[in-house]
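[1] next one to model:
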Amino acid sequence: MTPFGQRLRELRRAKGVSQKQMAAALGVSPAYLSALEHGHRGAPGWPMVQKVIGYFNVIWDEAEELQRLAALSDPRIVIDTAGLSPRATELANLLAQKVRELDDNRLDGLIAQLRAENRRD
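    Reported below is the predicted structural model:
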C-alpha cells in the first residue's frame with residue numbers, strides 16, 4: 001500500500017462508501033481504485049488527485065496533504081545515481097536491498113532524518 005492509497009482508504013471508510021460507489025462518482029473503475037489503494041498502480045496524476053479532493057470536499061490543508069502523499073506514492077522507484085558519489089550509489093543500493101526488511105520504527109526514523117534534511121535545504 002502507498003501513502004496515498006492508505007489515506008484514500010481511510011477517507012473512503014470514514015465516509016462509509018464502497019470502492020464501487022466511489023469509483024462510479026470519480027469516473028474510474030472499481031479495479032483501478034482498488035489497485036490505487038493497494039499500491040499496484042503508479043502514483044495518481046494531478047487530475048485524479050483533484051477528483052479525490054473534490055469528492056471528499058476536503059479543506060486546504062488536507063488537499064495539500066493529499067497532493068504530497070500522491071507525489072510520494074510511486075511504488076516502483078528508480079534512483080539514478082549516475083554522476084553522484086560512490087557513497088550515494090551505495091546508499092541507494094543498500095536501501096533497495098533492505099527496505100523490505102525494515103520495521104515501521106526503523107522506517108519512521110529514516111523518514112524523519114530525510115525530512116529534516118529537506119527542511120534544511
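[2] what residues are up against the residue nearest the centre of the chain?
    Most central in the chain under CA atoms, centre = their mean is residue 73, positioned 2.4 Å from the mean C-alpha point. When contacts are counted by CB atoms under 8 Å, 6 or more residues apart in numbering, residue 73 is found next to 2-5, 39, 43-44. No exception for glycine: its C-beta is placed from N, CA and C like everyone else's.
[3] rerun at 10 Å
    1-8, 36, 39, 41-44 (CB atoms under 10 Å, 6 or more residues apart in numbering).
[4] what's the helix or strand for it?
    Remark: residue 73 resides in no helix or strand, with elements defined by DSSP states H and E.
[5] picking that back up, narrow the contacts of residue 73 to those that are buried.
    Neighbour counting over the contacts of residue 73 (16 or more other CB atoms under 10 Å) leaves 2-5, 7-8, 36, 39, 41, 43-44 as the buried ones.
[6] quick one: contacts for residue 80?
    The contact partners of residue 80, by CB under 10 Å, 6+ apart, come to 89, 92.
[7] before we move on, back to that, could you identify the most distant pair in the buried ones among the contacts of residue 73?
    Taking CB to CB as the measure, the buried ones among the contacts of residue 73 span a maximum distance of 14.8 Å, between 7 and 41.
[8] quick one on the thing from earlier: ok, the residue nearest to the centre of the chain to residue 84 distance?
    Look at residue 73 and residue 84: by CB to CB, to the nearest Å, they are 24 Å apart.
[9] please state the offset of the biggest helix by length in the chain from the chain centre?
    Longest helix in the chain by number of residues (criterion: DSSP state H): helix 104-120. Counting by CA atoms, centre = their mean, to the nearest Å, helix 104-120 is centred 16 Å from the centre of its parent chain.
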